[in-house]
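Participant: For reference, the sequence and a predicted model appear below.
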Amino acid sequence: MNDIDAPLPPDALARRLTEVYDLVGPLYRRAQRGVEQDLAADGLSVGVRAVLTMLRRGGPMTVPQMGRAQAISRQFVQRMVNEAAALDLVESIPNPAHRRSSLIRLTARGRDTIDAVLDREHQLLRAVGSDLSDADVTTCLRVLGAMLTALDHVADA
């Protein structure tokens, strides 16, 4: 193992991870603004897009499950689900595991809508760093996952 592959001492790691945080904030805000601009044509908000994406990837879920998955309040998720339902993008169905907490699932219109959004975003992301390897992305995901886990103790909004 060469020096670049050796684990960093805690203080050095903390300084390097601060560099990651310093990039993640602006990256998130720019991406969010870009997504908002793109979604405006569809009449969608970033919050509704997040709900549709979760349901597209994970299948029917309850509002509390979505809130936990995204580390956001159940109340905010409920507002986004209500907005999506008003646009006929999602619907409530009975939850066999819990009578009082319905499952939310995509409608056919919702599936078509989020598929089109994700396809457009995929086309934009194709232009990112043609020299990045699968190992680079795997490492990035591992680091960001570890950073997120380290913040598990922080209460959700």
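Facilitator: Yep, it's here. Numbering: from 1, shown residues only.
Participant: just checking, what packs against the one helix or strand in the chain whose mean pLDDT sits lowest?
Facilitator: Using mean pLDDT, DSSP states H and E, the weakest-scoring helix or strand in the chain turns out to be helix 10-40, at a mean of 85. With contacts taken as 3 or more CB pairs under 8 Å, 6 or more residues apart in numbering; DSSP states H and E, helix 10-40 sits against helix 46-58, helix 108-125, helix 134-150. In short, each C-beta sits where N, CA and C put it, glycine included.
Participant: Kindly reformat those as JSON lines containing distance to Gln75.
Facilitator: Formatted as JSON lines, the helices and strands packed on helix 10-40 follow (distance: least, CB to CB, whole Å):
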{"stretch": "helix 46-58", "distance to Gln75": "12"}
{"stretch": "helix 108-125", "distance to Gln75": "21"}
{"stretch": "helix 134-150", "distance to Gln75": "22"}
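Participant: Please indicate which of the ones you listed has the most neighbours on average?
Facilitator: Stretch with highest mean neighbour count among the helices and strands packed on helix 10-40: helix 46-58 (a mean of 19; mean count of other CB atoms under 10 Å).
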